[in-house]
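>>> what's the 3D shape of this:
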Amino acid sequence: MRILPGMVRYSVYNNIQKPFFLVCILIPVLLQAQSPVDRYNPYLSASNQVVFVTAHGWNATQGSMKLYQRANSHHQWKLIHQFAVTLGRNGLAFDRHSILPKPFPAVIKREGDGKSPVGIFRLGPVFSYYYLRV
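The predicted structure follows:
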């Protein structure tokens, strides 16, 4: 793949030795930390890159994706980029395979339900043709 000026290829192989996680969490959340990702640090100690997706409710079909990165677990998360995303056509549902505890009002994700899974998941190699301005 040819990398053009202004394009960043995100991958677990770009100077990252630890797992890469996807976090899909509902907002609004009252946070006391510096970034929304800080709240999930206990679950992300083995990661230095996070794709963090937020939505305004369980029935939302639109959300926001934020890409965070840090040098190591002793550094703060830095927002690299953010953009709007489309979620499941029927909203969101909690994935039973997530390492997060299930929130009370959440329905459980079922295959074919048209809902995007909510939780923390380990991702393998990831790439995109989306141009990032860094």
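>>> Poorly predicted segments of the chain, please.
Low-confidence segments of the chain (pLDDT under 70): 1-34, 130, 132-134.
>>> and if we set it to 90?
1-46, 73-74, 97-106, 121-134 (pLDDT under 90).
>>> And the strands in it, which stretches?
20-26, 49-55, 62-69, 78-86, 92-94, 116-123 (DSSP state E).
>>> With distance to Ser35 and mean neighbour count as new columns, can those strands be given to me in TSV?
C-beta coordinates here come from the backbone N, C-alpha and C atoms, glycine included. Shown next, in TSV, are those (distance: least, CB to CB, whole Å; neighbours: other CB atoms under 10 Å):
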stretch	distance to Ser35	mean neighbour count
strand 20-26	12	21
strand 49-55	9	21
strand 62-69	7	18
strand 78-86	7	13
strand 92-94	21	23
strand 116-123	15	19
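>>> out of the ones you listed, nearest to Pro36?
strand 49-55 (6.3 Å; CB to CB).
>>> State the paired neighbours of that closest one in the sheet, together with their directions.
strand 20-26 (parallel), strand 62-69 (antiparallel) (DSSP bridges).
>>> separation between Leu123 and Ile108?
21 Å (CB to CB, to the nearest Å).
>>> try Asp38
27 Å.
>>> Please apply the same query to Ser98.
11 Å.
>>> Specify which residue of these two has the higher count of neighbours.
Between Ser98 and Ile108, counted using other CB atoms under 10 Å, Ser98 has the larger neighbour count: 17 against 12.
>>> Which residue is the nearest non-sequential neighbour of the more buried one?
Leaving aside its chain neighbours, Ser98 sits nearest to Gly119 (2.3 Å; criterion: CB to CB, 6 or more residues apart in numbering).
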